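Asker: Here's my sequence, what's the structure:
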Amino acid sequence: MECFRLVVVPVFYGVDPSEVSYQTGDEFGKAFKNLSNGIVTEKDEKVQRLREALGEVASISEVVVLNSR
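Answerer: Predicted structure coming up:
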């Protein structure tokens with residue numbers, strides 16, 4: 001994933017990083033599937049790059065806080 005020398009700080013709000021990494025789960029998985037189904041075939045490469053980038057970003061996180069308030 002190219003960051004162009006920028007710092008990437010992933011924030012997962014109400015979603016587990018593993019759901020982002022593998023594009024699964026009831027909410028995130030369905031939303032990603034709808035997004036990728038709406039993209040025409042000529043942009044399949046962009047969907048694949050997005051999948052790879054999401055996997056890399058999800059692996060950056062070290063602290064996961066769910067349902068805290």
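Asker: Mind checking which residue lies nearest the centre of this protein?
Answerer: Central residue of the chain (C-alpha atoms, centre = their mean): Leu54, 3.5 Å from the mean position.
Asker: Chain neighbours aside, what residue packs nearest to it?
Answerer: Spatial nearest neighbour of Leu54, chain neighbours left out: Val20 (5.3 Å); criterion: C-beta to C-beta, 6 or more residues apart in numbering. Any C-beta I mention is one placed from the backbone N, CA and C, and that applies to glycine too.
Asker: Go ahead and report the secondary structure state at that neighbour.
Answerer: Three-state call for Val20 (DSSP: H, G, I helix; E, B strand; the rest coil): helix.
Asker: Please name the residues that touch it.
Answerer: By C-beta atoms under 8 Å, 6 or more residues apart in numbering, the contact set of Val20 is Phe12, Phe28, Leu54, Val57, Ala58.
Asker: Can you find the helix or strand in this structure with the smallest mean pLDDT?
Answerer: None of the helices or strands of the chain scores lower by mean pLDDT, DSSP states H and E than helix 30-38, at a mean of 83.
Asker: what angle do the helix or strand following that helix and helix 30-38 make?
Answerer: Going down the chain from helix 30-38, the next helix or strand is helix 44-60, by DSSP states H and E. Angle between the axes of helix 44-60 and helix 30-38 is 160 degrees (criterion: axes from the mean of the first three to the mean of the last three C-alpha atoms, to 10 degrees).
Asker: May I have helix 44-60 exported as PDB, CA atoms only?
Answerer: Provided in PDB are the C-alpha atoms of helix 44-60 (Å, rounded to 0.1, in the frame of the first residue of the first chain):
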ATOM      1  CA  ASP A  44     -12.100  -4.800 -10.900                       C
ATOM      2  CA  GLU A  45      -8.500  -3.900 -10.400                       C
ATOM      3  CA  LYS A  46      -9.500  -1.000  -8.200                       C
ATOM      4  CA  VAL A  47     -11.700  -3.400  -6.100                       C
ATOM      5  CA  GLN A  48      -8.700  -5.800  -5.700                       C
ATOM      6  CA  ARG A  49      -6.400  -3.000  -4.700                       C
ATOM      7  CA  LEU A  50      -9.000  -1.800  -2.200                       C
ATOM      8  CA  ARG A  51      -9.300  -5.300  -0.700                       C
ATOM      9  CA  GLU A  52      -5.500  -5.500  -0.300                       C
ATOM     10  CA  ALA A  53      -5.300  -2.000   1.200                       C
ATOM     11  CA  LEU A  54      -8.000  -2.800   3.700                       C
ATOM     12  CA  GLY A  55      -6.100  -6.000   4.700                       C
ATOM     13  CA  GLU A  56      -2.900  -4.000   5.300                       C
ATOM     14  CA  VAL A  57      -4.600  -1.300   7.200                       C
ATOM     15  CA  ALA A  58      -6.500  -3.700   9.400                       C
ATOM     16  CA  SER A  59      -3.200  -5.400  10.300                       C
ATOM     17  CA  ILE A  60      -1.700  -2.100  11.500                       C
END
